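> Everything below, folded, please.
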Amino acid sequence: MGKKNTMQKNRIGIIGCGNPLMGNDGAGILVMQRFEGRYPAVDCIDGGTGGLGLIPLMEAYEKVVIVDAMVGVGDRIGEVLTLEAPPSPDLPLCALHDIGIGEVVTIARELGYVGEVVTVGIEAGEIRAFSRMVDPAIEEGIRVAEREIEGILRRWTREAGGVFTGT
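Numbers count the residues shown, from 1 in each chain. I've put the predicted structure just below:
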């Protein structure tokens, strides 16, 4: 058993995906970073560019939020979509990744790695290589995604019979 499996884990994880060096594609990482250190019962994880590598990151969490920039899912740049079920394979989610989040979530559930997963996607529009610049519409989408995730965390905490305490 590796060191990771023996560590005490929180029951909720927020996994941010994306590449901060690809402009708007870094939105998921930027959202995840907004939660770092805010809630003691929530772990924040950098999921890199996603793909099958997300499965071991979900292990040992009862509930996971995956947040990522996505292309072709919204009507406008910065639009936020929240998906309680795994994203449909028909959606072009995570176009830069080797396998879509929908497949990853389905596999992780089937293998019993994770209980509940909510995917929060931010329509990225154009992805610019080698740029840290994020469109203003994406910055607004990051704020909307942050509020959406706060609502999810509140709901999950209520369902567990606890009180949601944030900073």
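> which ones are touching the residue nearest to residue 160 when sequence neighbours are not counted?
Spatial nearest neighbour of residue 160, chain neighbours left out: residue 11 (7.7 Å); criterion: CB to CB, 6 or more residues apart in numbering. The way it works is simple: take the backbone N, C-alpha and C, and place the C-beta from them, glycine included. Going by CB atoms under 8 Å, 6 or more residues apart in numbering, residue 11 touches 41, 61-63, 160.
> Helices of this protein, residue ranges please.
Ranges of helices within the chain are 3-6, 27-33, 54-58, 101-110, 136-159, based on DSSP state H.
> Nearest to residue 68, out of the ones you listed?
With respect to residue 68, and counting by CB to CB, the nearest of the helices of the chain is helix 27-33 at 3.9 Å.
> and that closest one, C-alpha only, in PDB?
Presented in PDB, the C-alpha positions along helix 27-33 are these (Å, rounded to 0.1, in the frame of the first residue of the first chain):
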ATOM      1  CA  ALA A  27     -10.000  27.900 -15.500                       C
ATOM      2  CA  GLY A  28     -10.600  24.700 -13.500                       C
ATOM      3  CA  ILE A  29      -7.300  25.000 -11.700                       C
ATOM      4  CA  LEU A  30      -8.100  28.700 -10.900                       C
ATOM      5  CA  VAL A  31     -11.500  27.700  -9.400                       C
ATOM      6  CA  MET A  32      -9.900  24.900  -7.300                       C
ATOM      7  CA  GLN A  33      -7.300  27.300  -6.000                       C
END
